[in-house]
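[1] Predicted model follows, preceded by the sequence.
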Amino acid sequence: MAMRDHTSLARRCVYGGVALALTAVTACGAGGGDAGESGAAGASCEPASGKVTLDYWSWVPGMQNAVDVWNKQNPDIQVKLKTTPSGNAGTYQNLSNALKAGKAPDLGQIEYDSLASFRLKEGLKDISACPGVGAAGDKFVDWTWSQVQFGAGGKDGVWAVPQDTGPMALFYRKDVYDKLGLKAPATWEEYAEQARTLKKAGKYITHFSQTDPNWFTGLLWQNKATMFEREGDAWKVTVDRAESREVADYWQKMIDDKLVATDLQGFSPALYKAWNSGEVVTWISAAWGYGTIRDNAKSTSGKWAVAPMPQWKAGDSQAGNWGGSTTAVLGDTEHPAEASKFALWLNTDPTALEILNREGGLYPAAEAGLQLPALKQPVDFYGKQKIFDVFAEASANVDTDFTWGPTMTDTYRYLSDGTAGVIAGKSTLGDVLKDTGSQSADSLRKQALDVTGG
């Protein structure tokens with residue numbers, strides 16, 4: 001299952017379309033090659049003649065329960081799950097290493113923003129010819145299906161199956177807010193004022209993590225601060241732009257004034273302890289975050305609520321998006337038909353969708369998933385609030401023109417490394433934007449992509 005070396009062709013061909021913008025995209029296919037090559041658009045996808053075992057890497061809580069249902073129903077196609085850290089916390093690097101060694105799993109969880117990076121590495125399998133895939137587009141929210149294609153209308157392949165989305169909102173401790181006479185903030189200005197009030201009460205309004213560049217990107221997204229743009233067949237890197245600076249300057253002041261906790265990393269025991277104790281009382285997060293708080297701050301049940309993200313301008317209703325993943329069929333698999341069958345079932349079957357929402361906190365990309373009874377019901381942990389009404393509204397207010405770059409894993413690494421310097425007091429978030437823009441442009445050039453500016 002060794003990787004074939006035709007990455008250079010993909011690098012020459014992958015240009016604007018692999019941005020995986022939330023609109024139709026264009027790129028040229030790798031073309032040529034035999035049916036087993038990753039990157040061969042429209043490659044054949046014949047089912048195996050005997051029993052198959054598939055390896056699958058994912059970090060979704062409760063995923064094993066969904067896999068168990070599949071395995072019970074499909075004795076000839078068994079799935080072996082490996083639970084991994086979240087993408088940028090280790091899984092992506094491990095996947096890259098496994099691909100280089102020819103030991104990658106058959107399937108992997110990959111976020112929309114990182115699909116292009118794995119496409120450049122020839123790490124994904126084109127599953128467009130696999131049974132059921134061609135007719136699957138109508139089963140998913142439009143923009144999510146466009147995320148997993150290359151070429152206008154998917155003419156150059158389908159490279160994954162959408163799993164969930166990450167519209168963002170504000171989780172806040174309503175009990176603490178009520179005690180202090182505060183209401184959910186309508187603007188970022190109000191949010192900063194509340195941070196000062198909470199600081200006087202011995203609390204932080206939130207944490208600022210150096211290990212969650214995707215989160216910071218979600219904040220940029222809300223302010224229409226797209227990080228990459230197309231100029232013909234070339235890329236323009238726009239990480240350092242006025243809209244981004246507005247976001248960076250805001251959070252830099254929050255850091256400088258010690259209004260946010262900077263010694264807590266995302267998804268860490270220390271953060272969960274701070275939630276439980278009431279030291280940290282809000283989290284700007286995605287729909288899937290409801291399960292993160294519920295499962296790791298159990299002592300606070302009934303004390304949280306959800307509100308729309310604060311706005312940069314009073315009266316606006318913009319929302320960012322953090323994450324959202326796919327189930328990708330990886331380039332080395334010898335069983336793309338079976339892997340695709342499982343990926344489609346996992347992300348469209350009502351039982352699987354219910355498990356992943358209930359236990360993993362996923363906000364489904366499948367149209368059927370949005371009709372899950374659980375998404376219409378009050379949630380006990382959140383004071384019986386119908387929190388998914390808030391996320392449905394947020395989803396409708398996400399800017400679908402936001403564009404990913406083809407080397408987002410590099411861009412995220414630059415953001416994360418730069419933020420570490422900010423936390424240490426050695427630089428500012430404005431400096432990080434400037435440096436990340438320059439480094440991202442260099443990263444694109446190293447992939448033989450045309451770049452203007454940066």
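    Yes, it's here.

[2] so where do the strands sit in the stretch 51-200 of the chain?
    Remark: strands assigned in the stretch 51-200 of the chain by DSSP state E, counting those that start in this stretch are 52-58, 77-83, 107-111, 161-162, 164-165, 168-173.

[3] Looking at the ones you listed, spot the one closest to residue 437.
    Nearest to residue 437 among the strands of the stretch 51-200 of the chain is strand 107-111 (21.2 Å), distances taken as CB to CB. Where C-beta positions appear, they are placed from N, C-alpha and C, glycine not excepted.

[4] tell me which strands and helices that closest one is in contact with?
    Here strand 107-111 touches strand 52-58, helix 91-101, strand 325-329, helix 336-348, going by 3 or more CB pairs under 8 Å, 6 or more residues apart in numbering; DSSP states H and E.

[5] Quick one: closest of these to residue 149.
    Closest among those, using CB to CB: strand 325-329, at 11.1 Å.

[6] buried ones in stretch 133-151?
    Across stretch 133-151, burial judged by 16 or more other CB atoms under 10 Å covers 133, 136-137, 139-141, 143-151.

[7] So what's the model's average confidence on that stretch?
    For stretch 133-151, mean pLDDT is 88.

[8] Kindly export it (C-alpha atoms) in CSV.
    Taking C-alpha atoms only, stretch 133-151 is exported to CSV below (Å, rounded to 0.1, in the frame of the first residue of the first chain):
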residue,chain,number,x,y,z
VAL,A,133,-21.5,8.6,-3.7
GLY,A,134,-22.8,10.1,-6.9
ALA,A,135,-26.3,10.4,-5.5
ALA,A,136,-25.3,11.5,-2.0
GLY,A,137,-25.0,15.3,-2.6
ASP,A,138,-28.7,16.0,-2.0
LYS,A,139,-28.5,14.4,1.4
PHE,A,140,-26.3,17.1,2.8
VAL,A,141,-26.5,20.8,3.4
ASP,A,142,-25.3,22.4,0.1
TRP,A,143,-22.2,24.1,1.2
THR,A,144,-20.9,21.0,3.1
TRP,A,145,-21.1,18.9,-0.1
SER,A,146,-19.2,21.5,-2.0
GLN,A,147,-16.5,21.4,0.7
VAL,A,148,-15.6,17.8,-0.2
GLN,A,149,-15.4,18.2,-4.0
PHE,A,150,-12.7,19.5,-6.3
GLY,A,151,-13.6,21.1,-9.6
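
[9] ok, back up a step: return the subset of the buried residues of stretch 133-151 lying in helices.
    Using DSSP state H, the subset of the buried residues of stretch 133-151 located in helices is 143-147.

[10] Arrange the residues you listed in CSV, one row each, with distance to residue 208 as further columns.
    Shown next, in CSV, are these (distance: CB to CB, whole Å):
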residue, distance to residue 208
143, 29
144, 29
145, 34
146, 32
147, 28
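
[11] Go through the protein and flag its longest helix.
    helix 429-446.
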